[in-house]
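Asker: need a 3D model of the following:
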Amino acid sequence: MCTPAYTHRRTHKYAIAPSSPNANTPQQRQRATLASQPAMAATAALLAILVLAATSPAAQAASSAAGEKTTHVKLYWHDVVSGPSPTVVQVAHAAAANTSKTGFGGVVVIDDPLTEGPALNSSRLLGRAQGTYISAGKDDVSLFMSMNFVFTAGRYNGSTVAIMGRNAVFSAVREMAVVGGTGVFRWARGYAQARTHTFDLKTGDATVEYNVFIKH
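Answerer: Below is the predicted model of the structure:
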C-alpha cells in the first residue's frame, strides 16, 4: 500500500528540520560579539566608579575616622618679652597702635618654649610654639593666634599641632581651634584651652597653661 503523497510531505517537513545555511558563520559570531560589547562596557564603567568611590578622600576619611582617638596634651607656653634673649619680636604695627590702649594693629612673631611644668628654667622642654599673634581687638585686649606646637622631645617628638583662634588674654579660659597637625597628629582636629598661669605687668612676660584635646 502506498503512502499518500500529502502524508509523505507532512512527515518529511516536520520530522526533519532543515539546517540554516548561515548557522554559526563568522558573520553571526561577529554580530554576537558586537551585541555583547555594550554590556561589557557598562560593567567596566560600574567597576571604575566603585574603585573611585572606595579610594576617594571622603571614603578614606570615613575609614580613618573609625579608628581615630583623642589625645590630651597639657603643657606650658612661655612668652618671653624681656631679657637678653626674648622669644617674642614685634614685626609690624599700624600707626594707631602707638596710641591704642589695646595695641590694636600690632603683629608679633613668636618662638616660645613649651615645657612640661610651669617653671621655664627647670621644667623639661617639650618643644616650641612657632607662629604669630596679632592684636585684633580695638576696644579689648584680644589676640588672633596662629601657631604650631612643634614637639622636639617626648612621645610626640617630630609631630606638630596647628592652633588658630581668638585669645582674649584677660579671660579666665580661652578656647582656640586645633585645625591640623603632622606626624602622630596627622588629620588632627580639636580644641585648645588656655589659662594664664603668671603674667608680669612690668616685663610683659607670661606663662600660660595649655590643655590641648586632639582627635587624630
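
Asker: tell me how many other residues crowd the nearest residue to Thr152 once chain neighbours are set aside.
Answerer: Nearest non-adjacent residue to Thr152, counting by C-beta to C-beta, 6 or more residues apart in numbering: Gly127, 4.6 Å away. For the C-beta atoms, the positions are set from N, CA and C on the backbone; glycine is no exception. Close neighbours of Gly127, defined as other C-beta atoms under 10 Å, add up to 23.

Asker: Gly127 in helix, strand or coil?
Answerer: Following DSSP: H, G, I helix; E, B strand; the rest coil, we place Gly127 in the strand state.

Asker: so what's it up against?
Answerer: Residues in contact with Gly127 (C-beta atoms under 8 Å, 6 or more residues apart in numbering) are 75, 114, 149-153, 156.

Asker: if you rank those by neighbours, which is first?
Answerer: Counting neighbours by other C-beta under 10 Å, Phe149 comes out on top of those with 28 neighbours.

Asker: wouldn't that one be in contact with Val178 here?
Answerer: No - the pair Phe149 and Val178 fails to qualify as a contact (C-beta atoms under 8 Å) at a distance of 9.3 Å.

Asker: shared neighbours of the two, anything?
Answerer: Common neighbours of Phe149 and Val178 (C-beta under 8 Å, 6+ apart) are 161, 163, 212.

Asker: secondary structure of the first one: a helix, I assume?
Answerer: Looking back up the chat, that one is Val161. No - counting by three-state DSSP, Val161 is located in no helix; its state is strand.

Asker: where does the residue most central in space within the chain land in three-state SS?
Answerer: A centroid search over the chain (C-alpha atoms, centre = their mean) returns Trp187, at 3.8 Å, as the residue closest to the centre. Following three-state DSSP, the label given to Trp187 is coil.
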